[in-house]
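>>> curious how this folds, go ahead:
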Amino acid sequence: MDTGDSITGRYFISKKSSLLILGVTAIICSRMLFFFFNDPEGPNLLIVAGLAVGIYLLSLVAYIPSKINGLKKLSFAFCIQVLSAIALYFCMK
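Here you go, the predicted structure:
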């Protein structure tokens, strides 16, 4: 049995790690968005998690059907996350 030395095995590991990276950056973008608001109580964990899921799904829509491959695909989805967090900041302010 092959343990990941083939192209397909590396593709699945790469795809899993890319999706994990997108998930972590969605949480970071969501947390940073609420960090810049001047709220004395601090951000609500449920709201931060909900916004992180929304940002992640938005980047997933841009990531999955994309015709580009590799690192360009991941960086495109990352840029979508950052730009959506910036846009939400200016819309909510």
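>>> for residue 69, phi and psi?
Residue 69 has phi and psi values of phi -130, psi 160 when expressed as degrees, to the nearest 10.
>>> same check on residue 70?
Dihedral pair for residue 70: phi 70, psi -140, per degrees, to the nearest 10.
>>> where does it land on pLDDT?
Per-residue pLDDT puts residue 70 at 77.
>>> distance check, it against residue 56.
20 Å (CB to CB, to the nearest Å). From N, CA and C alone the C-beta is placed, and that goes for glycine too.
>>> with neighbour numbers in mind, choose between the two.
Remark: of residue 70 and residue 56, residue 56 carries more neighbours, 22 against 9, as counted by other CB atoms under 10 Å.
>>> roughly how far does the more buried one sit from residue 50?
Applying CB to CB, the value for residue 56 to residue 50 is 11 Å.
>>> figure out how far the helix or strand bottoming out on mean pLDDT in the chain is from the centre of its chain.
Using mean pLDDT, DSSP states H and E, the weakest-scoring helix or strand in the chain turns out to be helix 7-35, at a mean of 82. Taking the mean of its C-alpha atoms, helix 7-35 sits 6 Å from the chain's own mean (CA atoms, centre = their mean, to the nearest Å).
>>> can you report how many residues lie near the residue nearest to residue 32 when sequence neighbours are not counted?
Nearest non-adjacent residue to residue 32, counting by CB to CB, 6 or more residues apart in numbering: residue 85, 6.9 Å away. For residue 85, the count of nearby residues is 22 (other CB under 10 Å).
>>> now residue 85: how far from residue 36?
Going from residue 85 to residue 36 by CB to CB gives 10 Å.
>>> pull the distance from the helix or strand harbouring residue 82 to the chain's centre.
Using DSSP states H and E, residue 82 sits in helix 71-92. Taking the mean of its C-alpha atoms, helix 71-92 sits 8 Å from the chain's own mean (CA atoms, centre = their mean).
>>> tell me the contacts of residue 89?
When contacts are counted by CB atoms under 8 Å, 6 or more residues apart in numbering, residue 89 is found next to 33, 36.
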